[in-house]
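K.L.:
Structure for the following, please:
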Amino acid sequence: MPKEVIIIKEENDQENKTVEAWGSLTGICEAYKSFQYHTIKKIPYPFKHKGYEFKKIKYNSKHK
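P.N.:
Model prediction:
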């Protein structure tokens with residue numbers, strides 16, 4: 001069970017219509033071929049990349 005999940009959303013999506021939760025960065029990179037795992041794995045969270053915002057949150061916890 002993951003301790004954290006990765007949340008990604010499009011930067012220009014101000015209404016948060018499309019927010020995705022992923023258990024691994026490799027899974028995101030397999031689904032989004034424009035993301036290169038070896039490039040983005042070194043970037044500290046939260047970060048923006050190719051029009052998407054990435055952040056980590058704790059699994060099964062209340063968030064503001």
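
K.L.:
And the lengthiest helix in the chain, what does it pack against?
P.N.:
Across the chain, the longest stretch assigned as helix under DSSP state H is helix 25-31. Packing partners of helix 25-31 (3 or more CB pairs under 8 Å, 6 or more residues apart in numbering; DSSP states H and E): strand 4-10, helix 37-40. Yep, even glycine has a C-beta here, placed from its N, CA and C like the rest.

K.L.:
Tell me which of those sits most buried.
P.N.:
Most buried of the helices and strands packed on helix 25-31, by mean neighbour count (mean count of other CB atoms under 10 Å): strand 4-10, with a mean of 16.

K.L.:
residues making contact with the helix or strand that that strand is followed by?
P.N.:
Next helix or strand after strand 4-10 toward the C-terminus (DSSP states H and E): strand 19-22. By CB atoms under 8 Å, 6 or more residues apart in numbering, the surrounding residues in contact with strand 19-22 are 5, 6, 7, 8, 9, 13, 28.

K.L.:
Repeat that for stretch 31-49.
P.N.:
6, 11, 25, 26, 28, 29, 50, 53, 54, 55, 56.

K.L.:
and the second one, what does it touch?
P.N.:
Residues in contact with residue 11, defined by CB under 8 Å, 6+ apart, are 48, 51, 52, 53.

K.L.:
can you pick the most crowded of the residues you listed?
P.N.:
residue 52 (19 neighbours; other CB atoms under 10 Å).
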